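J.: Quick one: sequence and predicted model below, then my questions.
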Amino acid sequence: MTLTLTDLLNEKPDIPWCYTCQGDGYLVYVGGPGYYSTYHGNYLPTEREEPCDDCRGTGRNDHSSSPTNAVRHHLRNLTPSQRLHLERLTQGHQLAITPANYQALEDLLNEVENELGGKHPVTIELEAALDNAQLLEPATPPTAHRGPRIY
């Protein structure tokens with residue numbers, strides 16, 4: 001199972017088990033020609049258990065060396081405002097955001113690319129979300145020309 005950014009944003013941080021393997025520590029892969037079953041009279045697929053990549057077989061989502069858990073850590077470090085912007089941008093909303101929040105989300109994208117690579121679904125979804133962002137221009141005071149004051 002491949003996680004997406006939406007999945008990571010919907011996770012509750014107080015749940016200790018891995019979302020990918022549901023705490024089992026392994027995934028069951030089914031496929032291949034398998035073997036011939038005389039009882040069923042046909043070929044059955046082979047099943048094999050492999051350790052979960054996200055939790056490294058521990059079944060917990062707080063395993064520090066997993067790239068996905070490193071992304072979870074970066075998501076937890078976002079401010080509530082940045083997280084809300086990211087959730088709405090991920091849902092496809094066109095939002096105007098402040099330069100500081102945009103920079104924080106750009107930094108998050110760089111960290112996600114470093115951890116997961118540029119072709120991972122989380123990275124692709126984050127790039128698409130940032131494309132929906134509209135950067136607010138910093139407020140500048142009006143520059144009306146005033147004449148000199150004469151007292």
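T.: Looks like it came in fine. Note that the structure is predicted; figures quoted are calculated from it, not measured.
J.: In terms of helices and strands, where is L27?
T.: Counting by DSSP states H and E, the element that carries L27 is strand 26-37.
J.: Identify all contacting residues around that strand.
T.: Contact with strand 26-37 is made by 1, 20-21, 42-52, 57, as judged by Cβ atoms under 8 Å, 6 or more residues apart in numbering. Every residue, glycine included, has its C-beta placed from N, CA and C.
J.: Whichever of those residues end up buried, select them in ChimeraX.
T.: Selecting only the buried entries of those in ChimeraX, with 16 or more other Cβ atoms under 10 Å as the criterion:
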select :20,21,52,57
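J.: Which member of the contacts of strand 26-37 is positioned nearest L9?
T.: T20 (15.3 Å; Cβ to Cβ).
J.: on that earlier part again, following the strand holding L27, which helix or strand comes up?
T.: With elements assigned by DSSP H and E, the helix or strand that comes after strand 26-37 is strand 42-51.
J.: Give me the helices and strands touching that next one, please.
T.: In terms of contacts (3 or more Cβ pairs under 8 Å, 6 or more residues apart in numbering; DSSP states H and E), strand 42-51 is packed against strand 26-37.
J.: Quick check: can you name the pairing partners of the strand it packs on and their directions?
T.: strand 42-51 (antiparallel) (DSSP bridges).
J.: quick one: buried residues of the helix or strand following the partner strand?
T.: Using DSSP H and E, the helix or strand that directly follows strand 42-51 along the chain is helix 67-76. Buried positions in helix 67-76, judged by neighbour count with 16+ other Cβ under 10 Å: P67, T68, N69, A70, V71, R72, H74, L75.
J.: Based on its surroundings, how many neighbours for S81?
T.: 13 (other Cβ atoms under 10 Å).
J.: I'd like the distance between it and H40.
T.: For S81, the distance to H40 equals 58 Å [Cβ to Cβ, to the nearest Å].
J.: next one: G34
T.: Applying Cβ to Cβ, the value for G34 to H40 is 11 Å.
J.: more crowded one of those two?
T.: Under the criterion of other Cβ under 10 Å, the comparison of G34 against H40 puts G34 first, with 13 against 8.
J.: Please identify which two of the contacts of strand 26-37 are farthest apart in space.
T.: The most widely separated members of the contacts of strand 26-37 are N42 and G57, with 33.1 Å between them, by Cβ to Cβ.
J.: thinking again about what came up before, buried ones in the strand holding L27?
T.: L27.
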